[in-house]
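Visitor: Just a sequence and a predicted model for now, questions to come.
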Amino acid sequence: MSDQDEKLQQFIAITGSNSDRAKFFLESAAWDVEIAMSRYYETEGDDLGDDSPSIVAPETPSPVVTPNRPQPKKSSNFATINTLTTSSDEEEGQAYYAGGSEHSGQQVLGPPKKKDIVADMFKSVQEHGVEVLEPGAASSSGGQAFKGTGYKLGQDNTSSEVVPGFQEPPRPQEVTLRLWQNGFSIDDGALREYGDPSNKDFLDSIRRGEIPQELRQGNTEIHLAMEDHRMEQYQKPKTKVKPFQGQGYTLGSPAPAVVGACTNEDKSANEARAKEILKMDATRPTTSLQIRLADGSRLVGQFNQDHTIAQIRQYITAARPQYEMQTFNLLSTYPSKILDDSQTLKEAGLLNAAIMQKLT
């Protein structure tokens with residue numbers, strides 16, 4: 001028995017078809033048993049009109065089938081071994097092979113792939129001749145030409161000529177278009193969705209390799225850079241801290257201006273008058289007190305230990321008349337607290353101490 005006869009008997013044993021139909025499929029597949037069986041199961045034996053008496057002819061005329069020119073089939077989620085080798089690269093979905101016996105099997109297609117809008121946009125702009133730069137690539141720049149004002153020298157001062165410098169054109173406006181997984185953004189702007197109808201004209205202009213109308217401002221040249229962030233979700237940019245660029249003032253003394261401040265000549269006379277008003281008794285216990293005034297100066301005086309805080313206040317207004325119309329508090333140094341006018345220096349613990357004046 002020849003090799004063709006063995007393949008013929010094998011085909012008949014597996015498919016159960018008659019000798020003529022088996023021979024037809026084997027001859028059309030160049031006697032490849034697997035391809036012949038694949039085509040047989042695809043068409044379920046309808047690719048050849050059988051003239052044998054065992055098959056009853058239908059009442060309606062059957063369509064003529066040409067083996068060399070098969071009719072196109074509708075797309076299906078199932079494919080045989082033959083269609084696995086002839087399927088198009090553009091077919092969507094991941095292909096999985098479900099094995100059967102040695103001579104049969106099926107290919108099952110997974111769910112269709114999601115359309116990649118970002119990849120389509122980059123492919124479209126490249127077709128329109130847009131320049132593509134690799135990440136981190138910098139434009140090569142050579143030496144810059146002199147652009148200042150020049151002079152064409154002559155034999156004397158009158159024959160020299162001034163040659164104006166080159167007028168540099170205005171710099172183009174830089175705009176960055178970031179294409180995210182869930183939308184796009186312009187510079188540091190908010191996220192805009194791909195499916196929003198209001199963004200359709202903008203995206204169509206980008207696909208055509210044109211600057212969108214909303215970015216055109218007069219005659220200013222615009223350089224639009226596109227960044228691929230298709231694997232990232234939109235991230236709101238961090239707020240950039242800008243230094244203060246307004247008008248400032250240099251402040252003087254931290255103490256407020258006091259109306260009627262006395263001169264150095266008046267201070268001695270005012271302090272002598274304050275001592276007369278205080279009427280310190282040298283026969284009773286005395287103490288020294290340093291007073292830090294609100295204008296930054298200091299006032300030192302001798303007081304009896306039973307003098308009250310109210311009398312110290314009176315002494316200050318007599319020695320510095322500019323504070324007569326001012327309201328102020330007297331505070332201890334540490335810990336800082338407002339002193340009670342009814343307390344004596346001894347009761348307040350201010351013997352040989354320092355106090356502060358604070359305007360209110």
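Guide: The structure has been received and is ready for your questions. Numbering: from 1, shown residues only.
Visitor: in the helix or strand hosting residue 121, what counts as buried?
Guide: Residue 121 is part of helix 117-127 when elements are defined by DSSP states H and E. Using 16 or more other Cβ atoms under 10 Å as the burial criterion, the residues of helix 117-127 that qualify are 117-118, 121-122, 124-125. Heads up, the C-betas are built off the backbone N, CA and C, glycines and all.
Visitor: Would you mind confirming that residue 277 makes contact with residue 316?
Guide: No. Using Cβ atoms under 8 Å, residue 277 is not in contact with residue 316, being 11.2 Å away.
Visitor: Tell me which of these two has more neighbours.
Guide: A direct count of neighbours by other Cβ atoms under 10 Å for residue 277 and residue 316 places residue 316 higher, at 19 against 12.
Visitor: that older thread, what helices and strands are in contact with the following helix or strand past the helix holding residue 121?
Guide: Heading C-terminal from helix 117-127, the first helix or strand you meet, by DSSP H and E, is strand 150-152. Packed against strand 150-152 by the contact rule (3 or more Cβ pairs under 8 Å, 6 or more residues apart in numbering; DSSP states H and E) you find strand 161-163.
Visitor: residues in contact with the strand it packs on?
Guide: The contact list for strand 161-163 (Cβ atoms under 8 Å, 6 or more residues apart in numbering) reads 149-152, 154.
Visitor: how does it look with 10 Å?
Guide: Applying Cβ atoms under 10 Å, 6 or more residues apart in numbering, the contact partners of strand 161-163 are 148-154.
Visitor: Let's test this: mean pLDDT of it, rounded?
Guide: In this model, strand 161-163 carries a mean pLDDT of 76.
Visitor: what does the domain assignment say about this structure?
Guide: By the assignment in automatic domain parsing, the chain contains the domains 1-71, 76-113, 114-130+171-239, 264-359.
Visitor: For the shortest one, the averaged confidence score.
Guide: In other words, domain 76-113. 51.
Visitor: Kindly report the same for stretch 345-360.
Guide: Averaged across stretch 345-360, pLDDT comes to 88.
Visitor: Can you list the buried residues in that stretch?
Guide: The neighbour-count check on stretch 345-360 (16+ other Cβ under 10 Å) flags 345, 348, 350, 355-357 as buried.
Visitor: The stretch 251-360 of the chain: strands as residue ranges?
Guide: In the stretch 251-360 of the chain, the strands defined using DSSP state E, counting those that start in this stretch lie at 286-292, 298-304, 328-332, 353-359.
Visitor: Let me have those in TSV, extended by distance to residue 227.
Guide: Listed next are the strands of the stretch 251-360 of the chain as TSV, based on distance: least, Cβ to Cβ, whole Å:
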stretch	distance to residue 227
strand 286-292	62
strand 298-304	66
strand 328-332	61
strand 353-359	59
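Visitor: So which of these is nearest residue 242?
Guide: With distances scored as Cβ to Cβ, the stretch of the strands of the stretch 251-360 of the chain nearest to residue 242 is strand 353-359 (36.6 Å).
Visitor: Would you mind saying which of the strands of the stretch 251-360 of the chain lies nearest residue 23?
Guide: Nearest of the strands of the stretch 251-360 of the chain to residue 23, taken as Cβ to Cβ: strand 353-359 at 117.7 Å.
Visitor: Show me what the closest one is packed against.
Guide: With contacts taken as 3 or more Cβ pairs under 10 Å, 6 or more residues apart in numbering; DSSP states H and E, strand 353-359 sits against strand 286-292, strand 298-304, helix 309-319, strand 328-332.
Visitor: which helices and strands does the shortest one pack with?
Guide: Put plainly, it is strand 328-332. Strand 328-332 sits against helix 309-319, strand 353-359, with contacts defined as 3+ Cβ pairs under 10 Å, 6+ apart.
Visitor: rewinding a little: which one of the domains of the chain has the poorest average confidence?
Guide: Of all those, mean pLDDT reaches its minimum on domain 76-113 (a mean of 51).
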